[in-house]
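In: Quick check, what structure comes out for this input:
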Amino acid sequence: MGACGANKLKDLESLKEKFFRERERVKELHFNKETGFAVADALKKSLDSLIKPAFEHFFGEWDIPVTCYALGGYGRGELNFHSDIDLNLIYQGKLTEAHLEDIEAFYYFLLSLKLDLGFSPRSVDEALELSQKDLSIFTNILQRRFLSGSRELDRLFSEKFSEFLEKNRKSLVLEIVVARSDRYRKFYGTVYYQEPNVKESKGGLRDLHEAFWVSKIVYGIENYSGFLDRKILDRKNFRDVISAYDFLLRVRNHLHITSGRKSDILSFEMQRVVAEYFGFPQTRRGVEQFMKNYFNAATDLSVITKEVIKGALEELEREETKVFIPAVLSENKLIDGVFYVEGNVLFVSEEKEGDVLKDPTLVLKGFRLVQERGLELSAGTFSLFKLSAETNKEKFRKKEVLSLFREILTARKRLSYTLEIMHDTKVLGALIPDFERLRGHFQYDTYHKFTTDIHSILTVRELEKIEEKGTNAASVKEKQDFYQILQDLETPHVLFVGALFHDIGKGKPGRHEIVGAGLTRKYLSEMGFSKEEIEEVAWLVKNHLRMFHLAFRRDISDPELVEQFKNECGTEERLKKLFLLTYADIKAVGPGAWDNWKSTLLWTLYRSTLALFTEKKSAEELIAEKLKRRKGKVKELLKGKIKPESIERFFENADRDYLITYPSDEIANHLLLMKKIRKEGKEYAIYSESYPDIGFTKLTIVTKYRRGLFNEIAGILSYLGINIKGANINRAIEDDCECMVYTIHVSTVAGEALPCERIEKFEELLSKLYSGEFSSKDLPPDLMKPKSFRRNVPLPENKVKIDNKTSERYTIVEVSTYDRLGVLYAITKVLIDMGTRLRRAIITTEGNRVIDSFYITDMEYRKITDEDFLRELSGKILEVVR
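Out: Below you'll find the model as predicted:
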């Protein structure tokens, strides 16, 4: 290398150092709250100032034409701190060994920058061929920006690329639309996902990129201002979409800077950090306010860009069919004198646009057509409806408008589809102002996957899936059973309205189900629903958590509880509606919220309660009949093995809870094991059953009474990393021998039945516990461990509630805390130390929150009513779960 070459390399190193200093300066711009566009432009310019001279150094003396393009985001001039940076070298002619050496040297120079750089040297023909085969390469080249090199080659390549573009405009746009749909599905198909990807989720930065690509193909725009120049967007929508996009650019920049890498997921951990950057406190409330802003921005991006793409498709359709639609159609060809339909799309006659803007009844009539025929709104109609909702809010609250909305709600056909479009156009919020308040309402926890507004619409959708037999229930039979229950309802529309309104009270002071019932009465009254319908919907809203609470947090084998629930429902119709609403509500929470375990419990409560309606008998009468049949069946099963009079004594002395809990075959098995324990002088017997379809293993331990045994078992299970889903602890006296039957439902942390080796290990430690070779003192002190590797997620508040109303025989201690292995062991240790007896442990998991309900008595098997004692108990439990 000559002196001149060495000097050039030295200059390049100097430029590289300057580039990194400039990137640090740009960080200061970000922290000084410059716009996202300003920071992106500064990053682009800093990179340009390095790449252009580098290109000249490596390729400036080539003897064949060569051009360097910035592609993708770099081509648009939008860089975040750790964006992918794509460069394309286009050349014409044959590459020699010397050319290849220059390309390799340039590539290693780029690697030395330690950025996410993509570099591709391609001939003109290769670049064109690849862009025709690969959509991502095509869109990258579509956004190319000339950096340096041969202008003539740039002109030649651009001409050939434009020829391909012109010939394939519609197919390219459709491919982008399909890719958009595929991308949405990967990210749960909604803007309102709890931990969104700022670039790729629905409403992310990619939404505007796609609208830009489509508009560039169809209208030939060169930058975002083209949306305004070509009247693709009006000034308000343009301002809204650019403002939203800039907000997301700033969010992404802060994610990148904070993590030191390309990190586009707005995770729980990062939500606090980014919220603080935007001026919100790092509290739960602060994060929720920030995320509401995020979702509002993402919604604007999603909705407005969707209309841009829709408008472009309409333009291509007009060009292709050469159909001229006159601005003024004859009255007899218009629907309601206002609308017309072309290709399953609803348009507004240009002559009537002013009327629609001023008259919300016409907007609602338009939505009735959407609902009845499954139509889409044209881009113009969408904008018109949205503008009407934004500028005439008070008119949407008039009686005649709300009456039309009632017709939409009660028709049920394609209801969730229609509601979603109404929500996107802000019409739903104009009709129900409290629904607009819930737009983007975010709950900072790991259970609720969607914001409250979209969750409510998804709940309606889950009910529709039942009606269409499209629900992904646990089995074909369950799917058919759900469908049959829905078909049996006398007023199914009431259920669908209840689904929309069930969370309307969230975000207001007080219990949201009670607040929501009051709001529901107000809105439905204004819409003109009958008194009977209003009370039925309000009852559903007020009680929409009741069945969930009982099925997953209480002992549903308790006949008194079931009878009380039956009385609360009042009618079989209400029970069915509440059951379906509970199912749909859980399903709409998000992926994984509904599982076979929940299905089993909810169906059990439903069928037990339904039996009280259909049999026309009290719970006590049904239980007495059931136990009589059960005793007879046990005698039959044990004929020749145990004397009938021994079985009679057993049924007289055993706790009723035990006899209610277990079916005949299990009671028979327990009796045989009790006899075996006495005969062989053993302390206990154990067996297990796996239910892989439901995701748990049932451990049954029949044992002589041993104080604190369940606590020791819970310790062993936690030590082995086994998850406890629930436990029944029952007393059964067999010929003067006090025995206990423990039934414990367990699973892996992943929610699967236990493998054989884990069961064997548990049985080995249990044996050592009874022999005295092992005790709770041998357990490690740090037994309480998280089940997930994620540490920086929002932690639920620790709470202890005492319930002395639900059960006549037991005090129920309900503990809500962060879900960890060992938490059950810690709580039951307190219960033992405080001198209580445990009979049930019911576990419900909601995200990273566990709600454990313990049915306890004092040592004399009595309910505990001493307030001082209960306060002390609550305090000690709170201490151990901190």
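In: how many other residues sit next to Gly640?
Out: 5 (other CB atoms under 10 Å). All C-beta spots, glycine's among them, are computed from the backbone N, C-alpha and C.
In: which SS class is it?
Out: coil (DSSP: H, G, I helix; E, B strand; the rest coil).
In: Report the separation between it and Arg862.
Out: Plainly put, Gly640 is 40 Å away from Arg862 if you go by CB to CB, to the nearest Å.
In: can you give me the strands for the stretch 501-650 of the chain?
Out: Along the stretch 501-650 of the chain, counting by DSSP state E, counting those that start in this stretch, no stretch forms strands.
In: Report the buried residues of stretch 663-677.
Out: Ser664, Glu666, Ile667, Ala668, Asn669, His670, Leu671, Leu672, Leu673, Met674, Lys675, Ile677 (16 or more other CB atoms under 10 Å).
In: what about the fourth one, which helix or strand?
Out: Following DSSP states H and E, one finds Ala668 within helix 664-680.
In: now for that helix, which elements pack on it?
Out: helix 619-637, strand 684-691, strand 696-704, strand 723-734, strand 737-747 (3 or more CB pairs under 8 Å, 6 or more residues apart in numbering; DSSP states H and E).
In: Of these, which is nearest Val537?
Out: Among the helices and strands packed on helix 664-680, the nearest to Val537 by CB to CB is helix 619-637 (28.3 Å).
In: CA atoms only for that closest one - export them in PDB, please.
Out: The C-alpha trace of helix 619-637 is given here as PDB (Å, rounded to 0.1, in the frame of the first residue of the first chain):
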ATOM      1  CA  ALA A 619     -79.000 -29.600  47.700                       C
ATOM      2  CA  GLU A 620     -79.500 -31.500  51.000                       C
ATOM      3  CA  GLU A 621     -82.100 -33.800  49.500                       C
ATOM      4  CA  LEU A 622     -79.900 -34.400  46.400                       C
ATOM      5  CA  ILE A 623     -76.800 -35.100  48.600                       C
ATOM      6  CA  ALA A 624     -78.800 -37.500  50.900                       C
ATOM      7  CA  GLU A 625     -79.900 -39.500  47.800                       C
ATOM      8  CA  LYS A 626     -76.400 -39.400  46.300                       C
ATOM      9  CA  LEU A 627     -74.800 -40.700  49.500                       C
ATOM     10  CA  LYS A 628     -77.400 -43.500  49.800                       C
ATOM     11  CA  ARG A 629     -76.600 -44.600  46.200                       C
ATOM     12  CA  ARG A 630     -72.900 -44.200  46.900                       C
ATOM     13  CA  LYS A 631     -73.000 -46.400  50.100                       C
ATOM     14  CA  GLY A 632     -74.900 -49.100  48.100                       C
ATOM     15  CA  LYS A 633     -72.300 -49.000  45.300                       C
ATOM     16  CA  VAL A 634     -69.400 -49.200  47.800                       C
ATOM     17  CA  LYS A 635     -71.000 -52.300  49.400                       C
ATOM     18  CA  GLU A 636     -71.400 -53.800  46.000                       C
ATOM     19  CA  LEU A 637     -67.700 -53.100  45.100                       C
END
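In: got the contact list for that helix?
Out: Contacting residues not belonging to helix 619-637 are listed as 559-560, 562-563, 566, 611-612, 615, 617, 644, 647-648, 651, 656, 659-660, 663-665, 667-668, 671 [CB atoms under 8 Å, 6 or more residues apart in numbering].
In: buried sites along stretch 627-636?
Out: In stretch 627-636, counting by 16+ other CB under 10 Å, buried: Arg630, Lys631, Val634, Lys635.
In: tell me the mean pLDDT for it?
Out: Per-residue pLDDT values over stretch 627-636 give a mean of 94.
In: Quick one, which of the contacts of helix 619-637 are buried?
Out: The neighbour count (16+ other CB under 10 Å) marks 559, 562-563, 566, 612, 647, 651, 659-660, 664, 667-668, 671 as buried among the contacts of helix 619-637.
In: Which one of these is nearest to Leu346?
Out: Among the buried ones among the contacts of helix 619-637, Lys566 lies closest to Leu346 (CB to CB), at 47.2 Å.
In: distance of that closest one from Asn293?
Out: The gap separating Lys566 from Asn293 is 46 Å, by CB to CB.
In: Kindly report the same for Lys44.
Out: 26 Å.
In: if we can go back for a sec, save the helices and strands packed on helix 664-680 as a markdown table, and put in distance to Val124 too.
Out: Below are those laid out as a markdown table (distance: least, CB to CB, whole Å):
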| stretch | distance to Val124 |
| --- | --- |
| helix 619-637 | 83 |
| strand 684-691 | 64 |
| strand 696-704 | 63 |
| strand 723-734 | 61 |
| strand 737-747 | 60 |
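In: and of the ones you listed, who's closest to Ala584?
Out: Nearest of these (CB to CB): strand 723-734, 23.4 Å.
In: Using PDB, write out every CA atom in the closest one.
Out: Listed next in PDB are the C-alpha coordinates belonging to strand 723-734 (Å, rounded to 0.1, in the frame of the first residue of the first chain):
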ATOM      1  CA  ASN A 723     -46.500 -27.300  41.200                       C
ATOM      2  CA  ILE A 724     -49.500 -27.800  43.500                       C
ATOM      3  CA  LYS A 725     -52.900 -27.000  41.800                       C
ATOM      4  CA  GLY A 726     -55.200 -28.000  44.700                       C
ATOM      5  CA  ALA A 727     -55.700 -30.200  47.700                       C
ATOM      6  CA  ASN A 728     -58.500 -31.900  49.600                       C
ATOM      7  CA  ILE A 729     -57.800 -33.100  53.200                       C
ATOM      8  CA  ASN A 730     -60.500 -35.200  54.700                       C
ATOM      9  CA  ARG A 731     -61.000 -37.200  57.900                       C
ATOM     10  CA  ALA A 732     -62.400 -40.700  57.700                       C
ATOM     11  CA  ILE A 733     -62.800 -43.000  60.800                       C
ATOM     12  CA  GLU A 734     -62.400 -46.700  60.100                       C
END
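In: least trustworthy helix or strand in the protein by mean pLDDT?
Out: Least confident element among the helices and strands of the chain, by mean pLDDT, DSSP states H and E: strand 785-786 (a mean of 70).
In: got the buried residues for the helix or strand just after that one?
Out: Sequence order places strand 799-803 as the next helix or strand after strand 785-786, per DSSP H and E. The neighbour-count check on strand 799-803 (16+ other CB under 10 Å) flags Val800, Ile802 as buried.
In: And strand 799-803, what does it pack against?
Out: Other helices and strands packing on strand 799-803, by 3+ CB pairs under 8 Å, 6+ apart, are strand 811-818, helix 867-881.
In: And for the helix or strand Val494 falls within, what's in contact with it?
Out: Using DSSP H and E, Val494 sits within helix 492-501. Applying CB under 8 Å, 6+ apart, the contact partners of helix 492-501 are 409-412, 415, 419, 456-457, 459-460, 462-463, 486, 489, 516, 519-520, 523-524, 529, 533, 536-537, 540-541, 544, 577, 580-581, 584-585.
In: Just the buried ones out of those residues, please.
Out: With burial judged by 16+ other CB under 10 Å, the buried subset of the contacts of helix 492-501 is 409-410, 412, 415, 419, 456-457, 459-460, 462-463, 486, 516, 519-520, 523-524, 529, 533, 536-537, 540-541, 544, 577, 580-581, 584-585.
In: Would you quantify the distance from Met547 to Arg820?
Out: Spatial separation of Met547 from Arg820 under the definition CB to CB is 28 Å.
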